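Chemist: with the input below, show me the fold.
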Amino acid sequence: MTKRRVVVTGVGVVTPLGNDIETTWANIKAGKSGVGPLTRLNPDDFPAKIAAEVKDFVIEDFIEKKDARRMDRFTHYAMAASIMAMKDANLEISEELAPRAGVWIGSGIGGMETYEQEYLKFQQRGARRVSPFFVPMMIPDMASGQVSIHFGAKGINSCSVTACASGTNSIGDAFKVIERGDADVMITGGAESPIVNMAVAGFCSSTALSLNTDASNASRPFDKDRDGFVIGEGAGIVILEEYEHAVARGAKIYAELVGYGATGDAYHITAPAPEGEGAARAMKQALQDGGVEPTSVGYINAHGTSTPYNDLYETMAVKSVFGEHAYNLAMSSTKSMTGHLLGAAGGVEAVFTVLALKEGILPPTMNLQNPDPDCDLDYVANQAREQQVEYAMSNSLGFGGHNASLVFKRV
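Modeler: Modelled structure (predicted):
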């Protein structure tokens, strides 16, 4: 079977750094932080006092209020990012294109805010007061469903739920749909809105969240003093398109997606496999899938959560895959600025990766002030770097042992 080429023709984001790609990317390049005090919940209820919240977001800027009421916040973010991405791609789904246009948007935990609100109603006022829209608002696939309905995309409509790898797995799975010829266009990425009582409480109980109260430098990937991730929210969407289809309509092209790897650790429900063995296999798969030599990769957008084991084992995995070249490539964690967007992380970070390729600017790892001696690669510390690279990789690793990697090529 001949593999069809797949390119990125549109991007859209909602992040703690901005509600559009222009603002978010400008803040990424400037090394600004989207982390601040926890305001959506009562911080006195939790050991962790900070979060990377989306700010000043108005869903009615994108869809009707009556429609918005029937969606959870994570779907709001997905809708807004998808609308912006489609506009950026200058693409409309015609009746002819509709069966060849699909949606694949992942979410790690879906509509937890809706679940909390409706369960409170059930406890206080009984079953009859629970919304008839409760289930379709809560389920993780509804971001894909609502985006499909909005645009009239009648091709494959799916959702990868693989914890913090959800966005990357969704993009990779959508890539394969186009590559094998089952669609010409895919709206894909990830969305998440986990800043709710139960999610924050659960992550605190598992000691996953940073207890640093200095919001400006709490997320510190690869730093010796890192103590956990900062919970974040938002959405990142890319428009994937078959190359000839994109060229025929004169679309601008950000980058080409050439490789995808996905593996399982088969090790532990939350801890990564020792030395990043599963992550290493995902990276190798992605390189092999794209026919890319390891020495051709110039930049990696790391999973880089700012947790002790993730950062160490991802570093070890990169060394095992790239050998001596690991010390020649650049790797950074944009979670140092956005926090960890869970299932949305891979979508947002794929956007950052293709922009790094297109603009020749590598995002920094901020707050890297006291480097961990066991994390000794080039993490683009504390300042963005102008550097043109030909190939870039984006990694995501999730609870349950999910590992996913994407390889993009400059065009």
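Chemist: which one's the longest helix in the protein?
Modeler: helix 73-89 (DSSP state H).
Chemist: just checking, which helix or strand succeeds it along the chain?
Modeler: strand 101-106 (DSSP states H and E).
Chemist: tell me the buried residues in the longest helix of the chain?
Modeler: 73-86, 88-89 (16 or more other CB atoms under 10 Å). Glycine gets a C-beta too; all of them are placed from N, C-alpha and C.
Chemist: same check on stretch 2-14?
Modeler: In stretch 2-14, counting by 16+ other CB under 10 Å, buried: 5, 6, 7, 8, 9, 10, 11, 12, 13, 14.
Chemist: which one among those gets closest to residue 254?
Modeler: residue 8 (4.3 Å; CB to CB).
Chemist: which residues touch the residue nearest to that closest one when sequence neighbours are not counted?
Modeler: Closest residue to residue 8 apart from its sequence neighbours, by CB to CB, 6 or more residues apart in numbering: residue 254 at 4.3 Å. By CB atoms under 8 Å, 6 or more residues apart in numbering, the residues touching residue 254 are 7, 8, 9, 11, 354, 355, 357, 358, 411.
Chemist: now with 10 Å?
Modeler: 7-11, 88-89, 238-239, 351, 353-355, 357-359, 408, 410-411 (CB atoms under 10 Å, 6 or more residues apart in numbering).
Chemist: so which of those residues sit within helices?
Modeler: 88, 89, 351, 353, 354, 355, 357, 358, 359.
Chemist: of those, just the buried ones, PyMOL syntax please.
Modeler: Selection of buried members from these for PyMOL, criterion 16+ other CB under 10 Å:
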select buried, resi 88+89+351+353+354+355+357+358
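Chemist: what is the nearest of the ones in helices among the contacts of residue 254 to residue 63?
Modeler: Distances from residue 63 to the ones in helices among the contacts of residue 254, taken by CB to CB, are shortest for residue 88, at 17.5 Å.
Chemist: so where do the helices sit in the stretch 201-350 of the chain?
Modeler: Using DSSP state H, counting those that start in this stretch, the helices of the stretch 201-350 of the chain run over 243-248, 277-290, 308-322, 335-338, 345-359.
Chemist: farthest pair in the buried residues of helix 73-89?
Modeler: Maximum distance among the buried residues of helix 73-89 (CB to CB): 24.7 Å, for 73 and 89.
Chemist: about what we covered before: show me which of the ones in helices among the contacts of residue 254 is closest to residue 302.
Modeler: residue 353 (10.6 Å).
Chemist: for residue 274, see how far away the closest one is.
Modeler: 27 Å (CB to CB, to the nearest Å).
Chemist: and for residue 131?
Modeler: In terms of CB to CB, residue 131 sits 45 Å off from residue 274.
Chemist: what do you get for residue 349?
Modeler: 24 Å.
Chemist: these two: who's more crowded?
Modeler: residue 349 (27 against 13; other CB atoms under 10 Å).
Chemist: show me what contacts that one?
Modeler: 167-168, 190, 236, 301-304, 333-335, 338, 341, 363, 394-396, 406.
Chemist: which stretch among the helices of the stretch 201-350 of the chain approaches residue 224 most closely?
Modeler: Nearest of those (CB to CB): helix 308-322, 9.7 Å.
Chemist: so how far is that closest one from its chain's centroid?
Modeler: 19 Å (CA atoms, centre = their mean, to the nearest Å).
Chemist: so which bits of that helix are buried?
Modeler: Buried residues in helix 308-322 (16+ other CB under 10 Å): 310-322.
Chemist: and of these, the nearest to residue 175?
Modeler: residue 321 (20.1 Å).
Chemist: tell me the confidence at residue 30?
Modeler: Note for residue 30: predicted pLDDT of 98.
Chemist: and it, its phi and psi?
Modeler: phi -80, psi -10 (degrees, to the nearest 10).
Chemist: next one: residue 250
Modeler: Dihedral angles for residue 250 - degrees, to the nearest 10 - are phi 70, psi 30.
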